[in-house]
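Colleague: fold the following, please.
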Amino acid sequence: MATIIDGKAYAAKLREQVGAEVAELKTKHKITPGLAVVLVGADPASEIYVNSKGKMCREAGMESFDFRMPDTTTEAELLAKIKALNEDKKVNGILVQLPLPKHINESAVINAIDPLKDVDGFHVINAGKLATGQQGLVPCTPFGCLLLIKSVLGDDLSGKNAVIIGRSNIVGKPMANLLLNANCTVTITHSRTKNLAELCARAHIVVAAVGKPEMVKGEWIKNGAVVIDVGINRITLSDGSKKLVGDVAFAEAAERAKAITPVPGGVGPMTIACLLSNTVKAACLQHNIQPQVFYPPYSSDCFTISPNSSSKPK
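Modeller: Okay, the predicted model is just below:
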């Protein structure tokens, strides 16, 4: 049976390290990193997520700025808010909660954020830096996935075959670039891919981010592979109750994998922890300070996160 990768424990360790760096920034440089989160509309799931981000920001010693705007907000009004946040020196990171109402162009909004404050890592400049192996702000979920993979396989991923299921700009494409920068041989698969099961069966690393409940079957998984399940899907059971499942048939895959992330409790907690670390990195970059916590794409500087480890980044 596979080792269950405890994303909550690993995220707690990363948040601890982020908190230590925040304390050092305050002491040495009189800087308190600040994260501004903008929520347009009143989606209940988004509100819960935004509240969680604010709580963890404050726990790490950071400033949290929360802006709620009605779903009638125009694109021009939202762009004006982003412009003001770009100019606010107390704000080091800006996150606009997605999805946005249909009348607002998401790309226009994302690319209006100052790239140095783009802690989601979605701006075209940060995407380009990641694709070319330069230092930038990396999307939080792929960042967290990489750390979880390295926590199992170690820093050196050279020559590993990796299959990514899903080609979104949020997970699939940046995940591919992170693994390429780590010297993996990467295959991105999607809805038009032929022989998906055969491709997965050759992979040492499988990252599923397609949004289809339990699509990836256990028989697809190579013995000893590391499986990272990014999917979060709510399904209805035969008794009418609801259950959260991933994109991977967990019980089946766990019989073959070396290690696997659960849903919930796997990738999700790492996403928020990596958002906090991105905010600290953004603050450092804005003040020409070298950040101390590990950040991709530097594959040679990873640390293994462990619930019982007191190790520091190399």
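Colleague: so for residue 268, what's the pLDDT?
Modeller: Predicted confidence (pLDDT) for residue 268: 94.
Colleague: mind checking how far it is from residue 283?
Modeller: 24 Å (Cβ to Cβ, to the nearest Å). Bear in mind the C-beta positions are built from the backbone N, C-alpha and C, glycine included.
Colleague: those two: which is more packed in?
Modeller: Using other Cβ atoms under 10 Å as the criterion, residue 268 and residue 283 rank with residue 283 on top: 27 against 22.
Colleague: now that one: which helix or strand?
Modeller: Assigned by DSSP states H and E, residue 283 falls within helix 267-286.
Colleague: quick one: distance of stretch 130-139 to the chain centre.
Modeller: Taking Cα atoms, centre = their mean, to the nearest Å, one finds stretch 130-139 lying 13 Å from the centre of the chain it belongs to.
Colleague: show me the residues around residue 265 that make contact.
Modeller: With contacts taken as Cβ atoms under 8 Å, 6 or more residues apart in numbering, residue 265 has the following neighbours: 6-8.
Colleague: format these as JSON lines; extra columns: neighbour count.
Modeller: Shown next, in JSON lines, are the contacts of residue 265 (neighbours: other Cβ atoms under 10 Å):
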{"residue": "6", "neighbour count": "19"}
{"residue": "7", "neighbour count": "27"}
{"residue": "8", "neighbour count": "15"}
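Colleague: closest one of those to residue 274?
Modeller: Closest approach between the contacts of residue 265 and residue 274, by Cβ to Cβ: residue 7, at 11.1 Å.
Colleague: the closest one contacts residue 261, correct?
Modeller: Yes - using Cβ atoms under 8 Å, residue 7 is in contact with residue 261, at 6.0 Å.
Colleague: what residues sit buried inside stretch 147-155?
Modeller: Across stretch 147-155, burial judged by 16 or more other Cβ atoms under 10 Å covers 147-153.
Colleague: hmm, which two among the residues you listed are most spread apart?
Modeller: Taking Cβ to Cβ, the two most distant members of the buried residues of stretch 147-155 are 147 and 153; they sit 11.3 Å apart.
Colleague: got the domain ranges for the chain?
Modeller: According to automatic domain parsing, the chain comprises the domains 30-114, 140-268.
Colleague: deepest of those domains, which one?
Modeller: Stretch with highest mean neighbour count among these: domain 140-268 (a mean of 20; mean count of other Cβ atoms under 10 Å).
Colleague: quick one: end-to-end length of it, please.
Modeller: Chord length of domain 140-268, first to last residue, is 10 Å (Cα to Cα, to the nearest Å).
Colleague: about what we covered before: closest to residue 228 among the contacts of residue 265?
Modeller: Residue 228 has its nearest neighbour among the contacts of residue 265 in residue 7, at 9.7 Å by Cβ to Cβ.
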